[in-house]
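*Asks:* Build me a model from this:
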Amino acid sequence: MTVRHVHHHRNRHLNKILEKADKREEEPIRPEINYQALVEQIPAVTYITALEGFGNPRYISPQIETLLGFSSAEWLAKVDLWVQRLHPDDRQRVLSALYSSFENQKPFRSEYRLLARDGRVVWVRDEAVVVCDEAGKPSFLQGVMFDVSDLLRAVESLHQGEEKFRTLFERAAVGIALVDIEGRLTECNPELQEMLGYRKEELLSRFFSELIHMEDETVDLDLHKKLLSGKQDHYQVEKRYIRKEGGVVWGRENVSLVRDAGGNPQYTIHMVEDINEWKQLEAQFLQSQKMETVGRLAGGIAHDFNNLLTVLKGYSQLSLLGLKDDDPLKGNLTEIKNATERAAQLTSQLLAFSRRQVLDMKVLDLNTVVRGLEKMLRRIIGEDIELITHLAEDLGRVKTDPSQIEQVLLNLVVNAKDAMPKGGKLILETNNVELDENYASTHISTAPGCYVLLSVSDTGCGMSPEIKERIFDPFFTTKEKNKGTGLGLSTVYGIVKQSGGNIWVYSEPGQGTTFKIYLPQVEEELDALAPGDETADLPRGTETILFVEDDPSVRGLGSRILRQQGYIILDAANGDEAMNVVSDRVIKSIHLLITDVVMPQMGGKELAEKFKALYPDARVLFISGYTDEAILHQASLSRGEPFLLKPFSILTLAKKVREVLDQRSVVSGSISA
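*Replies:* Purely as a prediction, here's the structure:
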């Protein structure tokens, strides 16, 4: 008999999930995805058995105890327990089919009886696949077993008139249909009626194929022919069904053939399980994995480019400072500087998407953010679009980067404007919401709890499912050439995820679009937001600065900029070289250490600790191309520590250095004699 077959397309993901469950003591599953919970919520026994040393169980889900009365630990401890519990009348048939599956590397499918601990006979439908290692050698058997005892008894009793089995049929948790050889429905249970939205009398005598989505009508044509010809006893497929009102529902269909006393095909039994929720989770999981992979690639590229852009940007600015207005090279250098700044903006967006930028986290009221941008937003959308705001009173506080969340709102508003070329309505809403376990179970990486919701809705053209699946992909755009980089929404995605939130999009063609952003509520006090400093003057100083950077171009640029501003500069290529510099007894005072966060041999944090032991009153400024969660954890940087993101400009570096030095009066430190 068949079981809930894990579709070939999904087997690879299930395999990864089960491998994580097998190694959960070494590599704990990330709570935002919880692979083990996904597998163990399946209402069936899932298992992995090693082919080397036949029957050696490697994993079995806790449902085995409900099925047969044996705990997972007992099952894994006894290598041949499964063979022992096979019903004697089924043993030879099942083992032969299993060995054949090993040899041919084809799926194993069978119905058989198992003996429970208390002596009960349990009918199971078992379906498994052979998993090969990288060399193509069969390595594991993975599959699922369903208890089909009650369903079998129910179906067998339908034509025997036994009322108690009719009750089981009527109350089964999966849709069941009996279909004659011509393909007409002769019986169906309430679960199938509810799944498809029809009354029983509307379904009976209809061709079952009329209920199938037109793109899936032939998905099991060959399998059905083999079933009727006796080449196989059953099969399993996934199909889309059309509900009465026109909606689509995904179903996993198990089909078995019933023969009469003479062995002739009599009718087929179709057991249909609603897997819409599973399909949604699967799609979310695949999207999450794709975004994570692309994000790592984008972040790595952006990090490497930041060092190059820092040098290009800095030296072009230095060159421009030394040129007269009528110098023929000034125009060329200006173009180089402008192009570098545009490239820096692109790398900044890539860092946002990949969640590898440094956020200046503040406790905010999103209502304040929306009101502060309202005038600008009205100018952006123009007169043809009506801006409507619904801001909840007593809105909870969130913790995010003020400038980045403003960028999120601006990007979404610009997209909404582009979707309404003939005008429309743009609605901005905030609300306090509580997401429960039910919501979290259908939205991957979402934890139950209290959130602040920021939604941006428009009455524009909407999106097709195909476009909606790709909107957060970097460089994907539906705009005309040269009218967008395709990084706007990917930047939004990265900022929201790095702030600990989630973003979901709801859209239909011609029905407009709604983006919903959920940010966790915090109980901290609101932070005061300092106004920006728009001065372009380059601050100067006379203090002594130790500049430590493993990239020689960046180190040379930074040292040159600061020397021109009057500082005494000592430089080093790494932490060990820096400690040799500060150990020189000639150096009596150092006021500031500027160090890259990640360097070979000795990282910036370790260097800072050793440096501060010698110069306790000196200040420290960390710099880096990016600092993702792993590096932040490794470097133990805490909120509020001075940090400068590459690529930096002359003005940015000069201002930051002066700002750090002026935070308090610096008393020179010295090495003890």
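*Asks:* what about residue 503, which SS state?
*Replies:* strand (DSSP: H, G, I helix; E, B strand; the rest coil).
*Asks:* and it, what is it in contact with?
*Replies:* Residues in contact with residue 503 (Cβ atoms under 8 Å, 6 or more residues apart in numbering) are 492-493, 496-497, 515-518. Any C-beta I mention is one placed from the backbone N, CA and C, and that applies to glycine too.
*Asks:* just the helices in the stretch 301-450 of the chain please.
*Replies:* Taking DSSP state H, counting those that start in this stretch as the criterion, the stretch 301-450 of the chain carries its helices at 330-353, 366-381, 402-418, 437-441.
*Asks:* What are the buried residues along stretch 590-605?
*Replies:* 590-599, 602-605 (16 or more other Cβ atoms under 10 Å).
*Asks:* go on, stretch 175-185?
*Replies:* 175-179, 184-185.
*Asks:* what does stretch 563-582 give?
*Replies:* Neighbour count says stretch 563-582 has 565, 567-572, 574-575, 578-579, 582 buried, by 16+ other Cβ under 10 Å.
*Asks:* coming back round to it: could I get the buried residues of stretch 175-185 as TSV with secondary structure?
*Replies:* Formatted as TSV, the buried residues of stretch 175-185 follow (three-state DSSP):
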residue	secondary structure
175	strand
176	strand
177	strand
178	strand
179	strand
184	strand
185	strand
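*Asks:* quick revisit: name the stretch among the helices of the stretch 301-450 of the chain that sits most buried.
*Replies:* helix 402-418 (a mean of 20; mean count of other Cβ atoms under 10 Å).
*Asks:* circling back: please flag which of the buried residues of stretch 563-582 sit within helices.
*Replies:* 575, 578-579, 582 (DSSP state H).
*Asks:* Helix or strand with the lowest mean pLDDT in the protein?
*Replies:* helix 629-635 (a mean of 45; mean pLDDT, DSSP states H and E).
*Asks:* For residue 205, grab phi and psi.
*Replies:* phi 80, psi 0 (degrees, to the nearest 10).
*Asks:* list the contacts for it?
*Replies:* By Cβ under 8 Å, 6+ apart, residue 205 lies in contact with 184-186.
*Asks:* Same check on residue 660?
*Replies:* So residue 660 contacts 592, 619, 621, 642 (Cβ under 8 Å, 6+ apart).
*Asks:* what's the closest of those residues to residue 212?
*Replies:* residue 642 (63.6 Å; Cβ to Cβ).
*Asks:* okay, now that closest one: neighbour count?
*Replies:* 18 (other Cβ atoms under 10 Å).
*Asks:* There's contact between it and residue 621 in this structure, I believe.
*Replies:* Yes - the criterion here is Cβ atoms under 8 Å, and residue 642 meets it with residue 621 at 4.6 Å.
*Asks:* which residues are common contacts for the two?
*Replies:* Shared contacts of residue 642 and residue 621, counting by Cβ under 8 Å, 6+ apart, come down to 656, 660.
*Asks:* Quick check: which of the helices of the stretch 301-450 of the chain is nearest to residue 101?
*Replies:* Using Cβ to Cβ, the nearest of these to residue 101 is helix 437-441, at 33.9 Å.
*Asks:* That closest one - what's its average pLDDT?
*Replies:* The predicted model assigns helix 437-441 a mean pLDDT of 68.
*Asks:* And stretch 245-254, by the same measure?
*Replies:* Averaging pLDDT along stretch 245-254 yields 86.
*Asks:* can you list the residues that contact that stretch?
*Replies:* Under Cβ under 8 Å, 6+ apart, the answer for stretch 245-254 is 2-5, 125, 175, 195-197, 213, 220, 234-243, 270-276, 278-279.
*Asks:* Name only those of the residues you listed that count as buried.
*Replies:* Buried by 16+ other Cβ under 10 Å: 2-5, 125, 175, 195-196, 220, 234-242, 270-275, 278-279, out of the contacts of stretch 245-254.
*Asks:* In strands only, show me these.
*Replies:* 125, 175, 234-242, 270-274 (DSSP state E).
*Asks:* Widest-spaced pair of the residues you listed?
*Replies:* 125 and 242 (26.9 Å).
*Asks:* Go ahead and confirm residue 591 touches residue 661.
*Replies:* Yes - look at residue 591 against residue 661 with Cβ under 8 Å: they come within range, at 6.3 Å.
*Asks:* what sits in contact with each of the two?
*Replies:* 543, 619.
*Asks:* How about the contacts made by residue 207?
*Replies:* Counting by Cβ under 8 Å, 6+ apart, residue 207 has contacts 183-185.
*Asks:* Repeat that for residue 122.
*Replies:* 67-68, 113-116, 147, 149.
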